[in-house]
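>>> Here's my sequence, what's the structure:
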Amino acid sequence: QVQLVESGGALVQPGGSLRLSCTASGFTLSNYPIAWFRQAPGKEREGVSCSSTTDGSTYIEDSVKGRFTVSRDNAKNTVYLQMNSLKPEDTAVYYCATDLGSSVCDYDFMDHWGKGTLVTVSS
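Residues are numbered from 1 along each chain as shown. Sure, this is the predicted structure:
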């Protein structure tokens, strides 16, 4: 059974750091693109990062560029979202998603999603 599970969300103070994990089961995550999304209260879901497997590239949205990075641990079938210098506006439920029909990451074609993990940035 294909499954993605996010973890690592927490309450953190502004300027702090968190590392979110997205662990896959039922498929080999390194063979497929992976994207991170977030949805803030009262707002639409937005993409945060998009990692393709064709060339190993990762696209990071301007709103988090320089603060967020993506990495993979293939042995653990897990992708991480390292979030530094967190701001209150980063508060959201964070989701990972994949497209099992492609190697190119495209926000619009994700077909499997995790249930999300809540990140709250507040003093």
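
>>> residues in contact with L29?
L29 is in contact with 22, 72, 74, 77-79, 98, counting by C-beta atoms under 8 Å, 6 or more residues apart in numbering. In this view, the C-beta of every residue, glycine as well, is placed from N, C-alpha and C.

>>> just curious, which of these is nearest to Y59?
Lowest distance from Y59 to the contacts of L29 (C-beta to C-beta) belongs to V79, with 14.0 Å.

>>> and that closest one, helix, strand or coil?
Following DSSP: H, G, I helix; E, B strand; the rest coil, V79 is assigned to strand.

>>> T23 reaches A75, doesn't it?
No: using C-beta atoms under 8 Å, T23 is not in contact with A75, being 11.7 Å away.

>>> out of these two, which sits in the busier spot?
Legend: neighbour count by other C-beta atoms under 10 Å for T23 and A75, higher for T23 (18 against 7).

>>> Which of the helices or strands spans that one?
Element membership for T23 (DSSP states H and E) is strand 18-25.

>>> Using PDB, write out every CA atom in that strand.
Output in PDB follows, covering the C-alpha atoms of strand 18-25 (Å, rounded to 0.1, in the frame of the first residue of the first chain):
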ATOM      1  CA  LEU A  18      12.500  22.400  12.500                       C
ATOM      2  CA  ARG A  19      13.100  19.400  10.300                       C
ATOM      3  CA  LEU A  20      10.100  17.700   8.800                       C
ATOM      4  CA  SER A  21      10.200  14.200   7.600                       C
ATOM      5  CA  CYS A  22       8.200  12.500   4.900                       C
ATOM      6  CA  THR A  23       8.600   8.700   5.000                       C
ATOM      7  CA  ALA A  24       7.300   6.600   2.200                       C
ATOM      8  CA  SER A  25       6.000   3.000   2.200                       C
END
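
>>> From V79, how far out is the closest residue to S85 other than its chain neighbours?
Distances taken as C-beta to C-beta, 6 or more residues apart in numbering place R67 nearest to S85, at 4.7 Å, with adjacent residues excluded. To V79, R67 is 17 Å away according to C-beta to C-beta, to the nearest Å.
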